[in-house]
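1. pasting the sequence and the predicted model now:
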Amino acid sequence: MKGPTFLPTTTPQPQPPSSPPPYTKISTHKWFIAGIEVSVHGLEQLEETLIEQQYSSSESQSPRSSLELHTIYGLHPRGQDEAYMHPTVKTCVWDNYFYFPPTDSESPSQKKRREKKKKYVLGITFDHRNHGHRTYNPIANTSFRERAEAVLVVGVGGVGNTSINTTTTTTSLTAREGEGEGGVINPNHAIDMFTIYHGTYVDYLTISGVLTSYLSIYFSHQPNSQKFSSISWNQKAILMGVSLGAHSAYLALFGGAEGDSATTKNGDNEVQVLAVASVIGCADYTTLMRWRLLRQRMLPSPSTTSTTLTPTPTEFTTRTDPILPGEDAFLPSSFVQRVLRRWDPAMLLQNQNKNQNPGTADSPSSRPKKKLLVLTGGNDRLVPPEFSVGVVRELEERHGVEVRRVQWEEVGHEYTEEMGGEVRRFVRGVLED
């Protein structure tokens with residue numbers, strides 16, 4: 001799956017091929033955090049901005065003791081690695097530091113207003129579990145049934161764009177729309193994919209929880225920036241994910257196994273989640289897995305089964321009890337009841353609704369409003385957008401999340417340039433709030 005390669009200019013015209021995109025100006029440093037190789041984007045720009053904004057003419061003056069740090073986490077698709085998210089993340093970091101460049105005729109007051117628009121921003125990318133340099137078993141990254149060549153390609157676009165005559169108005173999804181026989185079979189797909197993307201969310205928690213401590217140590221060893229080592233950072237996170245990464249990003253809206261908060265804690269360090277951008281992701285994992293079992297013809301006598309999954313925009317279809325004949329061989333009830341019931345966003349919301357009295361659901365005034373961007377392809381048959389409609393509406397109407405949805409009807413399971421532009425504008429808007 002090829003992602004956008006941004007050319008962030010002030011005009012819609014692309015730059016000549018010989019000219020590198022401006023985001024390449026953003027520095028990238030490799031840090032090792034909790035045994036994970038992490039790419040930290042914009043560290044040098046952060047340091048320059050701190051020197052520019054926090055130092056005065058007096059060399060003895062110390063910077064402010066507490067500052068906000070906005071971190072942009074980019075989570076890549078299945079079959080890719082963290083480098084896939086570099087153009088998106090670094091473009092968003094570039095926007096913060098360089099989107100309003102000074103001009104020769106700029107007045108002091110104009111410069112002051114421009115500098116206020118700059119935030120302290122870092123971008124963070126890392127390989128998901130069993131991806132990139134952390135790959136141990138490529139088969140564990142495949143679906144229940146995929147074409148043999150799909151194991152070898154980088155990305156999932158070739159798997160998702162099968163020629164199925166299905167429109168976005170179709171709500172009855174049956175086994176007759178399956179991918180057919182043959183190919184690589186991974187009976188553990190439901191557990192493999194969940195533990196990988198949930199593990200990525202756990203890695204995000206670990207990295208975000210200690211990131212500012214690493215930042216303090218970094219500044220302690222920089223000759224011109226030692227004063228910044230004592231800053232107490234108030235970290236605010238924006239998560240963007242594509243496909244598998246979007247599944248992970250959805251979890252950040254909940255923040256805990258019971259969906260208790262979107263403020264995560266690691267020791268004394270709190271990280272507030274401001275926004276999530278989901279690109280071709282799914283917020284109802286259990287239903288997605290049942291759909292794939294049907295579509296990929298993994299159940300007994302799939303050509304004769306009459307079982308259908310019918311997602312509706314007003315209610316959830318996810319159920320904890322088995323609803324497909326033979327599904328327990330691929331989606332064990334114990335896994336659904338003990339694991340997905342606590343972590344699948346759709347089930348989290350269902351459980352919250354059952355436990356709440358009427359009128360006690362979260363409202364925009366009960367906690368800070370978070371933002372959610374949902375980008376989907378209307379012709380996506382790998383992760384059908386229908387499965388997330390009910391969850392997203394619930395988040396918006398009952399839990400005070402500010403939602404923007406954009407769907408391209410002819411687009412399949414892919415991350416397009418237009419989607420990249422939406423992500424960029426979304427992040428910029430969050431940073432400017």
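-> Alright, I've got the coordinates. Residues are numbered from 1 along each chain as shown.
2. the helices in the stretch 101-250 of the chain, which residues?
-> Remark: helices assigned in the stretch 101-250 of the chain by DSSP state H, counting those that start in this stretch are 108-117, 157-160, 189-220, 244-251.
3. which strands and helices lie in contact with the last one?
-> It refers to helix 244-251. Applying 3 or more C-beta pairs under 8 Å, 6 or more residues apart in numbering; DSSP states H and E, we find helix 244-251 packed against strand 66-75, helix 189-220, strand 232-242, strand 269-279. The way it works is simple: take the backbone N, C-alpha and C, and place the C-beta from them, glycine included.
4. surely residue 238 and residue 72 touch.
-> Yes: Residue 238 is within contact range of residue 72, at 5.0 Å (criterion: C-beta atoms under 8 Å).
5. for the stretch 301-433 of the chain, what are the low-confidence residue spans?
-> 301-321, 353-368 (pLDDT under 70).
6. excluding chain neighbours, give the residue nearest to residue 230 in space.
-> Counting by C-beta to C-beta, 6 or more residues apart in numbering, residue 65 is the residue found nearest to residue 230 once chain neighbours are left out, at 7.0 Å.
7. now for the one you found: which residues touch it?
-> Counting by C-beta atoms under 8 Å, 6 or more residues apart in numbering, residue 65 makes contact with 230-232.
8. list just the nearest of the residues you listed to residue 125.
-> The closest of the contacts of residue 65 to residue 125 turns out to be residue 231 (C-beta to C-beta; 23.5 Å).
9. backbone dihedrals for that closest one, please?
-> Here is the backbone geometry of residue 231 (degrees, to the nearest 10): phi -70, psi 140.
10. which strand or helix spans residue 428?
-> helix 417-432 (DSSP states H and E).
11. which strands and helices sit next to that helix?
-> Short answer (3+ C-beta pairs under 8 Å, 6+ apart): helix 417-432 packs on helix 86-98, strand 232-242, strand 269-279, strand 371-377, strand 402-408.
12. between the ones you listed, which gets the lowest average pLDDT?
-> Mean pLDDT across the helices and strands packed on helix 417-432 is lowest at strand 269-279; the value there is a mean of 91.
13. pull out the buried positions in it.
-> Neighbour counts using 16 or more other C-beta atoms under 10 Å place 269, 271-279 of strand 269-279 among the buried residues.
14. that one pairs with which strands?
-> Paired neighbours of strand 269-279 in the sheet (DSSP bridges): strand 232-242 (parallel), strand 263-266 (antiparallel), strand 371-377 (parallel).
15. next secondary structure element downstream of it?
-> Per DSSP H and E, the helix or strand that comes after strand 269-279 is helix 285-295.
16. I'd like the average pLDDT over that next one.
-> On average, helix 285-295 scores 90.
17. tell me what that helix is packed against?
-> helix 189-220, helix 345-355, helix 386-398.
18. determine how far the last residue of stretch 27-42 lies from the first.
-> Using C-alpha to C-alpha, to the nearest Å, the gap from the first to the last residue of stretch 27-42 comes to 5 Å.
19. give me the residues contacting it.
-> 26, 43-45, 82, 86, 89-90, 93, 96-97, 121-127, 133-134, 203, 206-207, 210-211, 214.
20. residue 293: neighbour count?
-> 26 (other C-beta atoms under 10 Å).
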